[in-house]
Each structure stands twice: as C-alpha cells, then as structure tokens.
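Undergrad: Got a predicted structure here, sequence first:
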Amino acid sequence: MSKKTILIILVVVAAIAVLFYWSDGSNPIDSIFENATSTTPSSKSNETGTTKTTSQPSTKTTYPAKTQTPVTNTNPGNVTPALPRAQINFTDAGFTPISMQVKLGQTIRFMNLGGKLMWIVPDSNYPEFAQANPVSRGEYWDFTFNKAGTWRYHNKEDASKTGTISVQY
C-alpha cells in the first residue's frame with residue numbers, strides 16, 4: 001500500500017475511535033464543565049511573629065482526565081525510535097553510577113553536580129570520547145557512543161575519579 005493509503009486508513013481509524021469514545025451515552029459537555037469546591041490554605045502573621053493558617057473555600061473548575069485510545073501502529077514508516085538518554089552524575093565523591101551499560105548509538109549525559117570542574121578523558125583508545133573543555137557545577141556534557149566496547153574514563157581534574165561504560169550492540 002502507498003503511504004497515502006496508509007495515512008487515510010489511520011485517519012479513518014482515529015475518527016472512529018474518537019466517535020466511539022464520545023458515544024458512551026453520557027453528555028461530555030456536562031462532565032467537562034463540572035465545578036468542584038476545594039479549600040485553599042491561607043496564612044496570616046500576627047504581631048508576635050507566629051503564623052496562623054486557616055482554610056478558606058475556593059471554587060475551581062476541574063476537568064476530567066482524558067483516556068487515550070490505543071493505536072495499533074505508531075511507527076508506520078518503520079523508523080527506529082531514538083534510544084533514551086542515560087545520565088551519569090559527577091559529584092565530589094566521583095561518578096555515579098561508577099559503571100553503566102548502554103546500547104550502540106545511545107547518548108549519556110555527564111552532569112556536573114560537584115564543586116570541582118569535570119573534564120572526561122578516556123583511558124583507552126577512543127579519542128572521540130575525550131571531552132573538549134571542562135564544565136562547571138550545573139553544566140553537562142553529552143556524548144553518543146558509536147563504538148562498541150568497554151570504555152574506562154577519568155576526570156582530568158582529579159584522576160582518582162573514574163568510571164566505565166560498556167557499549168553493546
């Protein structure tokens with residue numbers, strides 16, 4: 001089938017699913033605009049510095065949560081979905097986790113949460129894995145592993161802080 005035919009079929013199936021969802025016998029407009037009363041705490045300070053908290057009613061409009069209709073094929077072009085990004089944190093104690101296993105093509109974010117600079121340097125022959133510049137606290141460096149193997153690394157600013165990445169096919 002052509003892409004146009006597949007697209008038309010998906011639109012028709014989605015339209016039928018929407019009609020089925022809304023035809024359960026209830027009036028969806030009434031359920032959407034139902035009002036709910038809740039209490040909102042308010043605080044007032046008196047002259048002695050203590051705080052008194054009371055509850056006052058307030059009216060808020062709430063909306064029901066929508067349920068999702070399952071779709072049979074979310075990937076009609078058979079595109080390989082992106083791998084989730086993993087994260088390794090660097091603190092003053094070192095890298096956490098100290099070792100990680102990822103798939104070929106997966107990205108790891110190295111996040112600096114420590115008080116020192118983080119500058120990733122590989123211990124093995126994988127020059128692409130060398131971080132160009134150090135990053136400070138709150139900054140990160142992302143690297144996508146496109147070479148299978150086990151890669152040891154350390155922080156150039158403190159070589160005692162090490163880690164290992166195992167990249168699988």
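TA: Everything's here; your move.
Undergrad: Tell me the secondary structure at I6.
TA: Of the three states, I6 takes helix under DSSP: H, G, I helix; E, B strand; the rest coil.
Undergrad: what's the neighbour count on it?
TA: 13 (other CB atoms under 10 Å). Any C-beta I mention is one placed from the backbone N, CA and C, and that applies to glycine too.
Undergrad: Walk me through the domains of the chain.
TA: Domain ranges of the chain: 3-61, 86-168, per automatic domain parsing.
Undergrad: averaging pLDDT over each of the ones you listed, which comes out lowest?
TA: Sorting these by mean pLDDT places domain 3-61 lowest, at a mean of 55.
Undergrad: residue ranges of the strands in this protein, please?
TA: For the chain, the strands defined by DSSP state E occupy 35-45, 51-61, 86-91, 94-96, 99-103, 107-112, 120-122, 140-144, 149-155, 158-168.
Undergrad: Direction included, what does the fourth one pair against?
TA: Each strand that pairs with strand 94-96, with its direction, by DSSP bridges: strand 86-91 (antiparallel).
Undergrad: Now do the strand it pairs with: everything it contacts.
TA: Contacting residues not belonging to strand 86-91 are listed as 95-97, 100, 102, 106-114, 118, 155, 161, 163 [CB atoms under 8 Å, 6 or more residues apart in numbering].
Undergrad: Next, count neighbours for M118.
TA: 26.
Undergrad: ditto for F110
TA: The burial count for F110: 23, using other CB under 10 Å.
Undergrad: Stretch 124-138: which residues count as buried?
TA: 126, 129, 131, 134-135 (16 or more other CB atoms under 10 Å).
Undergrad: And stretch 102-118, by the same measure?
TA: For stretch 102-118, by 16+ other CB under 10 Å, it's 102, 106, 108, 110-112, 114, 116-118.
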